[in-house]
Each structure stands twice: as C-alpha cells, then as structure tokens.
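Trainee: The following comprises the amino acid sequence and a computationally predicted model.
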Amino acid sequence: MSDRIAGLRDWLTGLPRRLTVRAERVALPARLREAIARQQENSEILIGWIQLGVVVTFAVLYALAPKTFHPDVPFEPVPLVLGAYAVFTVIRLVLAHRRALPGWLLYVSIVADMALLMVAIWSFHLQYQQPASFYLKAPTLLYVFIFIALRALRFEARFVLLAGAAAALGWLGLVGYATLSDAGDTMITRNYVDYLTSNSVLLGAEFDKIISIIMVTIILGLAILRARGLLVRAVVEGQAARDLSRFFAPEVAARITGTDRQIRAGEGEIREAAILTLDLRGFTALSMALPARQVLALLAEYQARVVPVIQAHGGSIDKFLGDGIMATFGAAMPTGRHAADALRAVAAIMETVDAWNVERQAAGQQPIRVGAAVSAGPVLFGAVGDETRLEYTVIGEAVNLAAKLEKHTKAEAVRVLATAAALALAEQQGYRPARPHRALPARQVEGVSSPMDLAVLAE
C-alpha cells in the first residue's frame, strides 16, 4: 500500500523518488530528483515560448484574414480572447524563467487554455449572428490538439490527460449548449448531407470529435509514461557518467560508458605511452607537524593546481598515491605525441609550483618542492580486478621505471628527471625545451639492473 501511495504522490508531483532497476526499486538521491525537476522546468520554459509563438501567429493570421461578419456586429470576441491569452502566457513565461512557477498554476493554466479556446469557439455564433449549432462546424476545434501536444513536452502524463479531459468536457459542453439552448428546435439531424450543408447537428459526428480527443490524449499519455521512464533513466545515467568522470580520467570514463559490451578483467591493449610520476617532497614530515585539516587542505590545493595542468596537456590521471600522482599520456587515447605532451606538462607543472611558492612565501608559508620523472615505452592498458570491482590501469616497464626515476631525483638532487630515450622521442614529436637539458650519462638507478642515460629537466 505504501508503494502505491508513493507512486501516486510521484505521479502528482512529477518528481519520482524511486527508480525500478530489474526487480528492485532503488531510491533516487535528492540531487537526481533536483536534476529531473530542472529538466521539467526547462520544458515549461519551452512550452511558454511555443505558446507565445502560437498567440502571435494567431493574432497575425486574424489581422490579415478578411472579415466576413457584419461590420456592425456588437461583439468581436477573438481579439479579447487572444489578448487575455497573451497576458496569461507572458505571466506564466516570466514565472517559468524565474523558476517560480507553482504546480497549481500549471493545472489552472491548462484548464484556462482550453476554457479560452472553448469560449472563443462558442462566441462565433454571436459574432456571425447564427444559431448556437453554427460554432460546432468551426475548424478552430483542431487547436485543442496543439494544446494537448504542448503538454507532452514536459514528460508528465498527468498534464496531457488533464488537457485532453478539459478539451473533451469543453466540447461536450458546447454540444450540449447547442442542442439545448433552443427548446423549440434542437437542430439535431440524422442526415449527413443536411449536417454538412446547414447548421444542423449530427450527434454522431460530435461524439467522433470527442472520441478522437480522448484517444489522442490516451495515446500521448501512454507515450509520455514510457518516455518519462527513459527521461529518468537518462538523468540517472547522465549523472552517473558525470560522477564517474570525477573518479576516472575523462578518457577512461568515456571508454567505460561508451563501450558496446561489458568490460571484463584481463582485457587490455598494448599502447605506446609516456608515464609521469609526481611526489610532494617532505609531505610525510609536514603531515606530522601540521593539523590534519591543514594537511588535507594543502594536499587538495596541490592537486587542484597540478591536475588541470596535466589534463590541459592531454594527460590522464591514473591514480593518486597519497601525496603522489601518476599520470599517463597516450595510454587511454593514443595521440602520437605522448612523450612531447608529458614533457610539456612537467615543464608547466614546475612553473605552476614556482608561482605557487611565490604566493606561499608572500603569505608567510613554507615553500614546497615537487619531484617528478618521465619515462616512455610500450605499456599494457586495460582492466584489472575481478567481477565485483574493476580498475583501468597501465602495466609495464615504463610504469615501474618512472616510479624509480622519481625516487632517483633525490639522489641526483634535482626536481625532474627523464630517460634520454623519452627526451629523444619527445623531440622527434615536436618538443622544444625552453632551455637545454642537462645530460646524465650512464647513471645507476636503484632497482634497475644496468646503467641508464638520463636527462635533468628541472634542477
């Protein structure tokens, strides 16, 4: 029973609180309900502009169309109805743009739309000085389908159903008035020719109109119910994709959400890539000396300054290792300039850190030091883990070498090291350093069996 009450509440408010996933109903977080609400508010703005366009169109057509009624007619209702509808539409549009359109006003506006249309149709027999049955032949009735279809833009079946019900009841009322207003002559006929060539009323034809309104409303309502489910799922999946991109590099998130088949552990590809490792020097000692909140604030500011630089140069954050960062270039998305991008990124990072230290010293804070290393070579890029938890990562000699080189920067008392091979490859890919790099030939790196040719990228 509680599920039924919740479902009715969701249907009336238009804000689903649960999403059916397979056989379970999963609660929607408040932020997702707010995202759906924003989509509905945007739809209401679109509806308002279309309604305003309809009013302007009708006004222009009415102004240009030749008037066939008697010039001395005392009552010309169409301009009054269009004027009232225009004012109401503008007010509703302003409220929609201000996100201040209350739910009850939507219900009132739907009924008002149909009421104004029906009043305009009813007034035709007065304007043209004909029996009441005269207005039943007016093609203006077709406009009800425009108003019903407009409500479909909001992806809420309740508004479509209300519009259709108001139109059907309104036309039923007009038929009743036409047949009952003159007790001496109901104007009812069974002859189809008389119906078409006079002001006679053919009840079957009028009921056909009502049935058509009802059937169109029901069909649109069913379509909206299905489309609304897709809207909710689209919002949920879109939010999930945005959240995913916060935990993964954008390229990896796009790979996960855009794959045509399920990703499985052990699947991967060999890529030519560059690996960049960064480490915040003295962070362990600093974390022992400062309060935890200041330590986390420092780490957050460091990452907030460095990560955008990496991403701006085409790098993907593979993982955060405490105060360390491991980034890849060309692994998630091959570019053919991975080594050059990595070296440009590390140069920009050093400039960013230098600028940050100027700010810190001006504020009376200690400067920080960042060590970095770059290597390049073939890596295996793929998914590791099991069926319950997967992680995209890179595996290979270049990955291990970058980590060892970053530690070796301390032994060489420099800030940035790269393998000579990575530097040569970067230069082939168009990298031009701002100043010549210092070569370190035949250096023994801890954990590496044979000596290596290195290059100092920053002292």
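Mentor: Nice, I can see it. Remember, it's a predicted structure, so these values are computed and weren't measured experimentally.
Trainee: for this protein, which strand is longest?
Mentor: Longest among the strand segments of the chain by residue count, using DSSP state E, is strand 370-385.
Trainee: Sheet-wise, list the partners of that strand with their directions.
Mentor: Take DSSP bridges as the rule and strand 370-385 pairs in its sheet with strand 268-280 (antiparallel), strand 390-395 (antiparallel), strand 416-419 (parallel).
Trainee: Tell me how far the nearest residue to F147 once chain neighbours are set aside lies from V81.
Mentor: Counting by Cβ to Cβ, 6 or more residues apart in numbering, F147 lies nearest to D113, which is 4.9 Å off, once chain neighbours are set aside. To be clear about C-beta, it is placed using only N, CA and C from the backbone, and glycine gets the same treatment. Separation of D113 from V81 (Cβ to Cβ, to the nearest Å): 11 Å.
Trainee: Show me where the stretch 151-300 of the chain dips below the pLDDT cut-off.
Mentor: 231-232, 234-268 (pLDDT under 70).
Trainee: again, 90 this time
Mentor: For the stretch 151-300 of the chain, residues meeting the criterion pLDDT under 90 lie at 151-159, 178-201, 221-273, 279-300.
Trainee: Run through the helices of it in chain order.
Mentor: In the stretch 151-300 of the chain, the segments counted as helices under DSSP state H, counting those that start in this stretch are 157-180, 192-197, 203-247, 250-258, 283-289, 292-312.
Trainee: who wins for proximity to L405 among those helices?
Mentor: Checking the helices of the stretch 151-300 of the chain against L405 by Cβ to Cβ gives helix 292-312 as the closest, at 17.2 Å.
Trainee: helices or strands next to whichever helix or strand comes after the closest one in the packing?
Mentor: The helix or strand immediately downstream of helix 292-312 is strand 316-321, counting by DSSP states H and E. Applying 3 or more Cβ pairs under 8 Å, 6 or more residues apart in numbering; DSSP states H and E, one finds that strand 316-321 makes contact with helix 250-258, helix 292-312, strand 324-329, strand 390-395.
Trainee: Out of the helices of the stretch 151-300 of the chain, which is closest to P334?
Mentor: Closest to P334 of the helices of the stretch 151-300 of the chain is helix 250-258 (Cβ to Cβ; 10.4 Å).
Trainee: related to what we said a few turns ago, so which of the strands paired with strand 370-385 is the most packed in?
Mentor: strand 416-419 (a mean of 27; mean count of other Cβ atoms under 10 Å).
Trainee: Figure out which of the strands paired with strand 370-385 is closest to I211.
Mentor: Nearest of those (Cβ to Cβ): strand 390-395, 55.2 Å.
Trainee: just to revisit the earlier point, the strands paired with strand 370-385: which one's closest to L117?
Mentor: Closest to L117 of the strands paired with strand 370-385, according to Cβ to Cβ: strand 390-395, at 57.2 Å.
Trainee: For the helix or strand containing the residue nearest to F147, give me every contacting residue.
Mentor: Secondary structure from DSSP H and E places D113 in helix 103-122. Contacting residues not belonging to helix 103-122 are listed as 13-14, 44, 51, 77-78, 81, 84-85, 88, 92, 95, 132, 135, 138, 140-141, 143-144, 147, 151, 159, 162-163, 166-167, 170-171, 173-174, 177 [Cβ atoms under 8 Å, 6 or more residues apart in numbering].
Trainee: switch to 7 Å and redo it
Mentor: Helix 103-122 is contacted from outside by 77-78, 81, 84-85, 88, 92, 135, 138, 140-141, 143-144, 147, 151, 159, 162-163, 166-167, 170, 174, using Cβ atoms under 7 Å, 6 or more residues apart in numbering.
Trainee: for P131, what are its contacts?
Mentor: Residues in contact with P131 (Cβ under 7 Å, 6+ apart) are 125, 187, 199.
Trainee: For the helices and strands packed on strand 316-321, could you give me JSON lines that also reports distance to V370?
Mentor: Output for the helices and strands packed on strand 316-321, formatted as JSON lines (distance: least, Cβ to Cβ, whole Å):
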{"stretch": "helix 250-258", "distance to V370": "23"}
{"stretch": "helix 292-312", "distance to V370": "8"}
{"stretch": "strand 324-329", "distance to V370": "9"}
{"stretch": "strand 390-395", "distance to V370": "21"}
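Trainee: so which of these comes closest to V358?
Mentor: Of all these, helix 292-312 sits nearest to V358, with 12.7 Å by Cβ to Cβ.
Trainee: quick one, that closest one and strand 324-329 angle?
Mentor: Counting by axes from the mean of the first three to the mean of the last three Cα atoms, to 10 degrees, helix 292-312 lies at 10 degrees to strand 324-329.
Trainee: before we move on, the earlier item: please say which of D113 and V81 ends up with more neighbours.
Mentor: The neighbour count for D113 versus V81, taken as other Cβ atoms under 10 Å, is higher for D113 (25 against 18).
Trainee: List the backbone torsions phi and psi for the residue nearest to R228 when sequence neighbours are not counted.
Mentor: Nearest-residue entry for R228: F155, 4.7 Å, with adjacent residues in sequence omitted and distances by Cβ to Cβ, 6+ apart. Main-chain dihedrals, F155, degrees, to the nearest 10: phi 60, psi 40.
Trainee: F155 touches A227, doesn't it?
Mentor: Yes - under the criterion of Cβ atoms under 7 Å, F155 makes contact with A227 at 5.7 Å.
Trainee: between the two, who's got more neighbours?
Mentor: More crowded of F155 and A227, by other Cβ under 10 Å: F155, with 21 against 15.
Trainee: Who are the contact partners of that one?
Mentor: Neighbours of F155 in contact, by Cβ under 7 Å, 6+ apart: 40, 43, 224, 227-228, 231.
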